[in-house]
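Peer 1: here you go, sequence then predicted model.
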Amino acid sequence: MIFGKVVQGRISPIDLNSVENVPVLKIECCSALNENLKQLWEFDSMGINDTGNISECDENLIARFENNLEFKNGGYETKLFTDKNPTELHNNFEIAKRRFEKLCMRMKENNWLFNEYTTIVADQLNLNIVEECSSNNEGNSFHMPHSAVVRTDMETTKVRMVFDASSKGKGHKSFNDCLTPGPPLNPRILDVLLRFRESEYAFCSDIQEAFLTIGIVEEDRDYLRFFWLPDKQDSKSYKILRMTRVPFGVTSSPFMLAATIKYHI
């Protein structure tokens, strides 16, 4: 016996007139087809079903920011949106100073750039956007290197002063490392496009120097220090100024602006 036992023998006669119904159910799942249908249904419901893209954690961050927001002297003022204790920052005075000396060399060779930069700082001093430091406290402070971003093709702002709050020494944290970026609060592109289809006319606007409309509380301003040179011929006559408003180049600035607008409206 090679293949084992085999069942064999005569079978009973088959009644060909007998009919029986046997239900058969076959299920075949095609994941690709299901995914395509899901996407189709999601596209059809765009702009109708709001899935709510702000998590509970983000809601808590927004609430924390709004608790620190205060309407004062005709504008909003807030604390810096920190995640870690900024008092643990390493003193970056020398790093910022070296970066500033390189900027001075660039401006000495370009009178137009120096004049434009000087005008920016002078205007901001007059508007109390920038102020001179009243103390030499180097412990709880941060000096932000800054540079000139030149756009000669622009009709209005050809030179912009941009800060580098990510500057840090080897093995140390930067000021941006201590800040919370916050959740994105800008309108979704789909929402913007759908609003353009609602009415015959569409309007859009912009806030001039929007970041600079939001004030920073007094106790946090020493973390927004920077070097300035009133006279480009005398490199030793530098001053230390500090921002009183939200600067461009700080990682939490976009969130602080969007959250303030959201709170106001």
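Peer 2: That came through fine.
Peer 1: so the residue nearest to L103 when sequence neighbours are not counted, which state does it fall into?
Peer 2: Counting by Cβ to Cβ, 6 or more residues apart in numbering, the nearest residue to L103 once its immediate chain neighbours are dropped is S147, at 6.2 Å. Placement of C-beta: from N, CA and C, glycine included. Of the three states, S147 takes strand according to DSSP: H, G, I helix; E, B strand; the rest coil.
Peer 1: do the same with S134
Peer 2: For S134, the reduced secondary structure class is coil; criterion used: three-state DSSP.
Peer 1: what's the neighbour count on the closest residue to D222 other than its chain neighbours?
Peer 2: Sequence neighbours aside, S141 is the residue nearest to D222 in space, at 4.1 Å (criterion: Cβ to Cβ, 6+ apart). Close neighbours of S141, defined as other Cβ atoms under 10 Å, add up to 23.
Peer 1: just the one 10 residues further on next, same as before
Peer 2: R151 sits with 11 neighbouring residues when counted by other Cβ under 10 Å.
Peer 1: residues in contact with it?
Peer 2: 157-160 (Cβ atoms under 8 Å, 6 or more residues apart in numbering).
Peer 1: so which residues of the stretch 101-250 of the chain form helices?
Peer 2: Secondary structure of the stretch 101-250 of the chain (DSSP state H, counting those that start in this stretch): helices located at 111-126, 189-195.
Peer 1: run through who's touching the longest one.
Peer 2: Pointing back at helix 111-126 there. In contact with helix 111-126 (Cβ under 8 Å, 6+ apart) are residues 106-108, 130-131, 148, 150, 158-159, 161, 212, 228, 230, 232, 241.
Peer 1: tell me how far that helix lies from the chain's centre.
Peer 2: A distance of 27 Å separates the C-alpha centroid of helix 111-126 from that of its chain, computed with Cα atoms, centre = their mean, to the nearest Å.
Peer 1: what's the least confident stretch among the helices of the stretch 101-250 of the chain?
Peer 2: Mean pLDDT across these is lowest at helix 189-195; the value there is a mean of 81.
Peer 1: enumerate the positions of it that are buried.
Peer 2: Residues of helix 189-195 classed as buried: none (neighbour count, 16 or more other Cβ atoms under 10 Å).
Peer 1: count of residues packed around M161?
Peer 2: For M161, the tally of surrounding residues (other Cβ under 10 Å) stands at 19.
Peer 1: just L224 next, same as before
Peer 2: 24.
Peer 1: and it, what does it touch?
Peer 2: Contacts here follow Cβ under 8 Å, 6+ apart; on that basis L224 touches 142, 144, 163, 216, 242-243, 247, 250.
Peer 1: how about the contacts made by the nearest residue to it once chain neighbours are set aside?
Peer 2: Beyond its immediate neighbours in the sequence, the residue positioned closest to L224 (Cβ to Cβ, 6+ apart) is M243, lying 3.9 Å away. When contacts are counted by Cβ under 8 Å, 6+ apart, M243 is found next to 129-130, 163, 216, 221, 224, 226.
Peer 1: now M243: how far from L127?
Peer 2: Between M243 and L127 the distance is 12 Å, computed by Cβ to Cβ, to the nearest Å.
Peer 1: quick one, what contacts the residue nearest to D222?
Peer 2: For S141, the contacting residues are 91, 222-223, 225, by Cβ under 8 Å, 6+ apart.
Peer 1: is it possible to mark the buried ones in the residues you listed?
Peer 2: Neighbour-count burial (16+ other Cβ under 10 Å) applied to the contacts of S141 gives 222-223, 225.
Peer 1: which of the contacts of L224 fall within strands?
Peer 2: With DSSP state E as the criterion, strands contain 163, 216, 242-243 from among these.
Peer 1: N68 is in contact with T180, correct?
Peer 2: No - look at T180 against N68 with Cβ atoms under 8 Å: they stay out of range, at 12.0 Å.
Peer 1: who's more crowded, those two?
Peer 2: When neighbours are counted by other Cβ under 10 Å, T180 comes out ahead of the other of T180 and N68, with 17 against 12.
Peer 1: distance of that one relative to N92?
Peer 2: Here the distance between T180 and N92 works out to 20 Å (Cβ to Cβ).
Peer 1: swap in N115?
Peer 2: According to Cβ to Cβ, N115 stands 29 Å off from N92.
Peer 1: understood, closing this out.
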